[in-house]
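>>> pasting a predicted model and its sequence here:
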Amino acid sequence: MIIDKIENIGLYASVLDGLDKAGEFVNSFYKNPGEPGRYELDGDKVFANVSSYKTKPREGAQFEAHRKYADLQAVISGTELIGWSPPDSLKEESESFSGGGDIAFYSGGSMLDVVLPAGYFVLLLPGDAHMPCIQADGGCDVTKIVIKIML
């Protein structure tokens with residue numbers, strides 16, 4: 001997991017193929033926000049989902065983890081909390097890996113909580129179980145980009 005300011009994404013381009021394209025998109029979108037929706041940056045290898053929502057209470061939320069894709073999550077407006085734990089410390093509730101999908105859901109407690117305000121990103125690699133969209137200090141309207149980067 002990497003956490004930093006959006007303006008610094010380019011410093012990490014060598015960490016993961018496709019992160020350069022993701023960083024360019026996030027920096028451009030942060031300066032000139034567009035509409036929610038899916039943006040293809042490199043077909044199914046690198047694509048962005050932009051969404052706006054209200055953060056939710058932690059109660060009832062689940063962790064998720066992926067195997068095929070890394071997640072670059074960048075907050076454009078608002079503030080949210082993202083919980084983090086290694087999957088082996090959690091209880092698996094459901095998974096789509098066996099059917100060719102790329103997500104599993106887990107229950108359990110956070111090992112680390114990260115508050116992401118506007119202008120910050122987190123890079124979550126496969127094996128980073130994360131619980132996004134959580135209230136940091138009460139409900140908040142958030143616009144966020146989640147870029148999926150195939151490994």
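Okay, I see it. Numbers count the residues shown, from 1 in each chain.
>>> the helices in the protein, which residues?
19-31 (DSSP state H).
>>> what is the least confident helix or strand in it?
strand 91-95 (a mean of 94; mean pLDDT, DSSP states H and E).
>>> give me the residues contacting that strand.
Strand 91-95 is contacted by residues 62, 101, 103-108 when judged by CB atoms under 8 Å, 6 or more residues apart in numbering. Yep, even glycine has a C-beta here, placed from its N, CA and C like the rest.
>>> repeat for stretch 29-42
6, 18, 21-22, 25, 47-52, 74, 76-77, 119, 143, 145, 147.
>>> what's the local residue count around L81?
Residues near L81, counting by other CB atoms under 10 Å, number 19.
>>> just to check, it is in contact with G138?
No. Applying CB atoms under 8 Å, one finds L81 not in contact with G138, separated by 11.1 Å.
>>> most centrally placed residue in this structure?
The centroid of the chain falls nearest to Q73 when counting by CA atoms, centre = their mean (3.4 Å).
>>> what's that one in contact with, if anything?
Contacts for Q73 (CB under 8 Å, 6+ apart) come out as 82, 116, 121-124, 132, 144-147.
>>> okay if I get these as a markdown table plus neighbour count?
Below are these laid out as a markdown table (neighbours: other CB atoms under 10 Å):
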| residue | neighbour count |
| --- | --- |
| I82 | 24 |
| L116 | 21 |
| F121 | 25 |
| V122 | 20 |
| L123 | 22 |
| L124 | 23 |
| P132 | 23 |
| K144 | 22 |
| I145 | 24 |
| V146 | 16 |
| I147 | 28 |
